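Colleague: Could you work out the structure for the sequence below:
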Amino acid sequence: MERTAVNPWEWSTKLGYNQAEVITGATRQVICAGQTSVDGDGNPRHPGDMRGQIGLALDNLEAVLGRAGMDLGNVVKLGIYATDVDEALRNFDLMGMRFGPHRVAPPMTLLGVTRLAIPGLLFEVEATAMA
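Modeller: Coordinates of the predicted model:
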């Protein structure tokens with residue numbers, strides 16, 4: 001698989017994502033459901049702690065991708081939902097810490113929402129991955 005970044009402007013790359021990517025040579029696609037801060041039994045973790053919730057949501061995303069034979073380097077699109085966008089952005093360094101080693105900056109959308117499916121959850125990330 002080859003990724004070619006499309007950035008008519010450079011501002012988004014400073015924030016850690018590309019405006020678009022042209023993907024060629026991919027043979028498999030995985031569409032992940034939204035991953036949140038829940039344990040293996042679906043119980044919410046890290047109540048009131050955005051940073052803890054982002055970390056566990058990313059752990060869970062990595063687990064799903066791993067089960068599909070992929071990793072964060074295969075992610076080509078992210079959808080992110082947060083109950084407090086400002087607090088999520090204050091902790092977005094976690095995104096860079098996770099995606100940076102893979103040298104990818106997938107296009108993403110961050111939306112503020114009033115709540116997520118399970119009360120107490122603050123952050124959710126969904127992904128599309130290709131290999």
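Colleague: In contact with Leu116, which residues?
Modeller: Leu116 makes contact with 36, 81, 83, 122-124, according to CB atoms under 8 Å, 6 or more residues apart in numbering. No exception for glycine: its C-beta is placed from N, CA and C like everyone else's.
Colleague: Which ones among those map onto strands?
Modeller: Within these, residues falling in strands by DSSP state E are 81, 123-124.
Colleague: Pro107: which of those is nearest?
Modeller: Using CB to CB, Tyr81 comes nearest to Pro107 of the ones in strands among the contacts of Leu116, at 15.8 Å.
Colleague: Do I have it right that that closest one meets Phe123?
Modeller: Yes - using CB atoms under 8 Å, Tyr81 is in contact with Phe123, at 7.3 Å.
Colleague: Flag the shaky bits of the protein, pLDDT-wise.
Modeller: Under the criterion pLDDT under 70, no range of the chain is flagged.
Colleague: which residues in it form strands?
Modeller: Using DSSP E, the strands of the chain run over residues 2-6, 20-24, 29-35, 75-82, 108-112, 123-130.
Colleague: which neighbours does the second one have in its sheet, and in what orientation?
Modeller: According to DSSP bridges, strand 20-24 forms sheet pairs with strand 2-6 (antiparallel).
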